[in-house]
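# I'll drop the sequence and a predicted model, then ask my questions.
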Amino acid sequence: MPFSLDALRRWPDLEAPDLLAADAADRLILDESAEARTDLADGELVVIGDAYGALTLASAAAGARGIRVHQDELTGEQALAANAETTQLTGSFTSHARDAALVEDARVVLLRLPRALRELHDIAGLIARYAHPDVVVFAGGRLKHMTVTMNDVLRARFERVDVSHARQKSRVLIARGPHDGADPEPERARIDGLEVRAFGGAFAGASLDIGTRLLLAHLPEPRGGEAIDLACGTGIVAATLATRHPSLRVLACDQSAIAVESARATTEANGVGDRVTVVRDDMLRSRPDDSASFIALNPPFHSGAAVTEGIAPRMFAEAARVLRPGGELWTVWNSALQYRPALERLVGPTRQVARDRKFTVTVSTRTA
């Protein structure tokens, strides 16, 4: 069947008429890279940051094979797999961690520019160290998310950075001549006695956001000797719980590969890696029903670049599925979002534990 970007879906991520699986930046990256992608050998094309598979599958439809792909969000990998099946392009790509094997000897890299400069720094260093010396990087995004500093980050790793004409509020940076490559190193900080590690792109970096700080100030000792840190980010909640309670075992989970890598580094830096298991999961899909007594959650409020209030209720419902009757969900949220009715409906009786000028902490008890 003819390939069309318009046929791609975001599922299992949030879907809505104004949330698209492919945008103008994807189309511009594909157009700018079309000649460079011609006659590549299998495995010479790498795609990084492809939200739902537009760059990967359009390249595959044009004949590329052995495409190596890295997507930070697990739902992006799932959407790519689902879209590949629909378009009959399954088998044209493989998913990889963000490491040397992803970019080794690559000749063309298609990159959706991350919004965090430290993440771009990490990616550029990896490409410059391991890709082929003749590699060409096509890094594009929406103008509203781009800054001139991105050009400087790329120039620190590549001899030449050209800038495409803008089209439909999108632009592509084209980098050649890699040099001074380096493996990603986490940002490090010590906060309230805790060692924090954050690779580029992790939420809040190596800092403690004020919502999480309020939550930590009120978390009790979990009952039953186990706890879950849902949407764990850099692992501050998991590491804090394990440090405070030496017999506690904690499961920390996040769908972001950067978050998982950061959380593992944080727990190891605090000497609790043997009691904190960090996994990449779509919410708590790998956990059985009625299997937990305590979950802590600071829910995200964005899906990719889109700000949305639709993610948190899905996480509340997933927490309710996993909690045993009588189990507790401790949540911190921006007070303006007024999540309490959703928590009452999806989990159970909910009471306010703390509130400051911006955030609210609640505990919801799952009913039978």
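That came in fine, so what should we check first? Numbering: from 1, shown residues only.
# now the helices: where do they sit in the stretch 151-300 of the chain?
210-216, 236-244, 257-269 (DSSP state H, counting those that start in this stretch).
# send the alpha carbons of the longest one over as PDB?
This points to helix 257-269. Extracted in PDB, the C-alpha atoms of helix 257-269 (Å, rounded to 0.1, in the frame of the first residue of the first chain):
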ATOM      1  CA  ALA A 257      15.000   5.700  29.000                       C
ATOM      2  CA  ILE A 258      16.900   8.900  30.200                       C
ATOM      3  CA  ALA A 259      14.900   8.800  33.500                       C
ATOM      4  CA  VAL A 260      15.700   5.100  34.000                       C
ATOM      5  CA  GLU A 261      19.400   5.600  33.300                       C
ATOM      6  CA  SER A 262      19.500   8.600  35.700                       C
ATOM      7  CA  ALA A 263      17.500   6.800  38.400                       C
ATOM      8  CA  ARG A 264      19.900   3.900  38.300                       C
ATOM      9  CA  ALA A 265      22.900   6.300  38.600                       C
ATOM     10  CA  THR A 266      21.200   8.100  41.500                       C
ATOM     11  CA  THR A 267      20.400   4.900  43.500                       C
ATOM     12  CA  GLU A 268      23.900   3.600  43.000                       C
ATOM     13  CA  ALA A 269      25.500   6.900  44.000                       C
END
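# if we can go back for a sec, among the helices of the stretch 151-300 of the chain, which is nearest P341?
helix 210-216 (19.4 Å; C-beta to C-beta). Glycine gets a C-beta too; all of them are placed from N, C-alpha and C.
# List the contacts of A319.
Residues near A319 by C-beta atoms under 8 Å, 6 or more residues apart in numbering: L230, L284, I295, L297, L329, V347.
# ok, back up a step: could you export the helices of the stretch 151-300 of the chain as TSV, including mean neighbour count and distance to V153?
Formatted as TSV, those follow (neighbours: other C-beta atoms under 10 Å; distance: least, C-beta to C-beta, whole Å):
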stretch	mean neighbour count	distance to V153
helix 210-216	19	28
helix 236-244	25	26
helix 257-269	25	17
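# Out of those, the one nearest D99 is which?
Set against D99 and scored by C-beta to C-beta, those come closest in helix 257-269, at 9.8 Å.
# And the contacts of that closest one?
By C-beta under 8 Å, 6+ apart, the surrounding residues in contact with helix 257-269 are 70-74, 97-98, 119, 186, 188, 194-203, 232-236, 238-239, 242, 252, 254, 273, 276, 278-280.
# Buried members of those residues into PyMOL, please.
A single PyMOL command selects the buried members of the contacts of helix 257-269 (16 or more other C-beta atoms under 10 Å):
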select buried, resi 70+71+72+73+74+98+119+186+194+195+196+197+198+199+200+201+202+203+232+233+234+235+236+238+239+242+252+254+273+276+278+280
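# Perfect, I'm done here.
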